[in-house]
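S.K.: let's see this in three dimensions:
(chains A and B)
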There are 2 protein chains.
Amino acid sequence: MTGYAIGVDLGGTNLRAAAIDSTGKMLEKIGGSTNFSEGRDAVLADIVAAMSALRERHGTAELAGIGIGVPGFIQFKEGIVRNANNLPFLENFAMRDALEKQLGAVVILENDANAAALGEKWMGAGRETDDLVLLTLGTGIGGGIISGGRILRGYLGMAGELGHITVVPNGAPCGCGSQGCVEKYSSATAVSAMARLLQLGHDLSSKEVYDIAQGGDQRAQKAREVFRVMGESLGILLATLVNTFNFPLYLLSGGMLPAWDLFAPPMLRTVTQRSYSFRAAEGSTRIIQATLGNEAGLFGAAYLPWVEPRVAPASPGK
Amino acid sequence: MTGYAIGVDLGGTNLRAAAIDSTGKMLEKIGGSTNFSEGRDAVLADIVAAMSALRERHGTAELAGIGIGVPGFIQFKEGIVRNANNLPFLENFAMRDALEKQLGAVVILENDANAAALGEKWMGAGRETDDLVLLTLGTGIGGGIISGGRILRGYLGMAGELGHITVVPNGAPCGCGSQGCVEKYSSATAVSAMARLLQLGHDLSSKEVYDIAQGGDQRAQKAREVFRVMGESLGILLATLVNTFNFPLYLLSGGMLPAWDLFAPPMLRTVTQRSYSFRAAEGSTRIIQATLGNEAGLFGAAYLPWVEPRVAPASPGK
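M.R.: Numbering: from 1, shown residues only, chains lettered A, B, ... in the order given. Modelled structure (predicted):
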């Protein structure tokens, strides 16, 4: 591993990118909102401009490649994005090849949660292991699985859809067509919805529900109940993952992390009850907070050219 | 891969073994009940005698090694069995090294469900893929996961404990300390228990419940209800596995298979509802019957010396 790579996080409203060297040192980070409403060509032009500027400043010869985290299923071999709900103009578009052609550099696409898991493995809380699961608890719940040091993608790039694992068989209907998905109980959106059901208020953020829970009154008790259900549901998912993988490490990240002191105790109680391999491991199976925050995806995307090397395409004009 | 290997299935009451060549041809199969009550030394002596006899008939120089499937958690590096509930005298015993010393041959221990999954991958229904999950539906439910052509073991050899994944959060208590494990709803034991709850009879085998379901009366309707619950519970587990791995293949084996026509339709309906990646795969994700029956473990155990090679120990006396 030599030189540096560029990691990109292509969110629904933002384009963030970073030049990161092979030791994991962040050389430069750029970002800002992008006008996605202008369509595919405008977004691609934005990406190309940002990449070119970074490359100009850090060297063309030294660039190992560009990794791009995208919300959606990646058909890895073809370099195509599917189910990119927040970026509909990318659907079924051969994005990788288009960017490689315009940039004359290796480009690798990856699901954003997978990229974040790889980032935590490379430079975050997972540095000591080759096997981990990362759960991102935000408006939804995403999952990334690292097995033997590599991303577990599945044959259609759909592995790690952990937010849609059933934890309440007859539970709340989910947009995915199922019901009782863990996303309906343990995401920030779910916390707001449960607070509304318990008549704590409309449109409360998970932070506001957390603040209500700090009081000593009946409303506080109800708010703590929300986090108990949120933690127990997450615990069922985690017990399932421990029973399935027997990995040493499970990382949590995302907007719900500040409520850790309220949801982690019921979560860990549930995992302990529902996984005898967790108990048999006598504390060596760790369920902890991820450490890179929203930079995990940048690190993971930048790491891709080194762990998933592809042959560099010809530079334009050559 | 040259020569042949010996695969052993060490059950709770039986010792079965087979000499299998590198093309998957079974050269000889032996088996019979073993007097496990005589303790560890007697069982080891039985194994050594059976192995020596097979080796004498098929050649010492040609033997690639011996794989042994054992019910329990295998500490692979150390060659030790843990939680061998049916074979308590093997608990924490350095079985591999003891056998290698006595036999002067490479010995590899493996969890029995993992061995069966590997057998199906090598010579059974999984030959076309490197990524599959095998579920054995017997008195309990076991699981074996093959990822990238290799057994997924987990850091303590406890991966694939799929029978103890929660499918009914407030469900029936399980011996593992949890409740609502899929084993309490989709195993042969569970079918008998549910038939008892529905007052179909005490101590009915799953086969007898199946036979009752063939009728046209009210008892038949109740029996079919048992298989509906059995299939839906299994469907929740399978949807979880599809959402997690996005593997192309999920195999079912074990004593419940003859009831396939009753439990498979509700199972597949449930997977379809609860996994949008299953739906997005448009039929390419297959959930089908395994083909090797109780020989899967023999094939998988025999395959181990070729896929998990270890250095041969010195022959005794050298």
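S.K.: who in the stretch 51-200 of chain A is up against chain B?
M.R.: A:73, A:82-83, A:131, A:143, A:145, A:147-148, A:152-162, A:164-169, A:176-178 (CB under 8 Å from any CB of the partner chain). The way it works is simple: take the backbone N, C-alpha and C, and place the C-beta from them, glycine included.
S.K.: these in strands, which ones?
M.R.: A:73, A:82, A:143, A:145, A:147 (DSSP state E).
S.K.: and of the residues you listed, the nearest to chain B?
M.R.: If you rank these by distance to chain B using CB to the nearest CB, A:Ser147 comes first, at 6.3 Å.
S.K.: for the closest one, which non-adjacent residue is spatially closest?
M.R.: A:Asp131 (5.7 Å; CB to CB, 6 or more residues apart in numbering or on different chains).
S.K.: what does A:Ala290 give?
M.R.: A:Ser253 (3.7 Å).
S.K.: pretty sure A:Ile47 is touching A:Ala98, no?
M.R.: No. If you go by CB atoms under 8 Å, A:Ile47 and A:Ala98 don't touch, sitting 9.9 Å apart.
S.K.: among the residues of the stretch 51-200 of chain A next to chain B, name the buried ones.
M.R.: A:73, A:82-83, A:131, A:143, A:145, A:147, A:152-162, A:164-169, A:176, A:178 (16 or more other CB atoms under 10 Å in any protein chain shown).
S.K.: ok so, going back, now for the ones in strands among the residues of the stretch 51-200 of chain A next to chain B: which two are most distant?
M.R.: A:Arg82 and A:Ser147 (22.3 Å; CB to CB).
S.K.: surely the residue nearest to A:Ala290 meets A:Leu137?
M.R.: Yes. Judged on CB under 8 Å, A:Ser253 makes contact with A:Leu137 at a distance of 7.2 Å.
S.K.: I'd say the residue nearest to A:Ser147 and A:Ile146 touch.
M.R.: Yes. Using CB under 8 Å, A:Asp131 and A:Ile146 qualify as a contacting pair, with a distance of 6.4 Å.
S.K.: name the element A:Pro266 belongs to?
M.R.: helix A:260-274 (DSSP states H and E).
S.K.: now that helix, how far from the centre of its chain.
M.R.: 22 Å (CA atoms, centre = their mean, to the nearest Å).
S.K.: how is chain A partitioned into domains?
M.R.: What the record gives for chain A is the domain set A:4-112+A:296-307, A:125-291, from automatic domain parsing.
S.K.: how about the stretch 51-200 of chain A: which residue is closest to chain B?
M.R.: Counting by CB to the nearest CB, the stretch 51-200 of chain A gets nearest chain B through A:Gly154, at 2.3 Å.
S.K.: circling back: next secondary structure after the helix holding A:Pro266?
M.R.: Assigned by DSSP H and E, the successor of helix A:260-274 is helix A:276-280.
S.K.: elements contacting that next one?
M.R.: helix A:218-245, helix A:260-274 (3 or more CB pairs under 8 Å, 6 or more residues apart in numbering or on different chains; DSSP states H and E).
S.K.: please work out which of those is packed deepest.
M.R.: helix A:218-245 (a mean of 23; mean count of other CB atoms under 10 Å in any protein chain shown).
S.K.: is chain B contacted by it?
M.R.: Yes. Under the criterion of CB under 8 Å from any CB, helix A:218-245 makes contact with chain B via A:236, A:239-241, A:243-245.
S.K.: out of these, the closest to B:Arg286 would be?
M.R.: Among these, and counting by CB to CB, the member closest to B:Arg286 is A:Thr244, at 19.5 Å.
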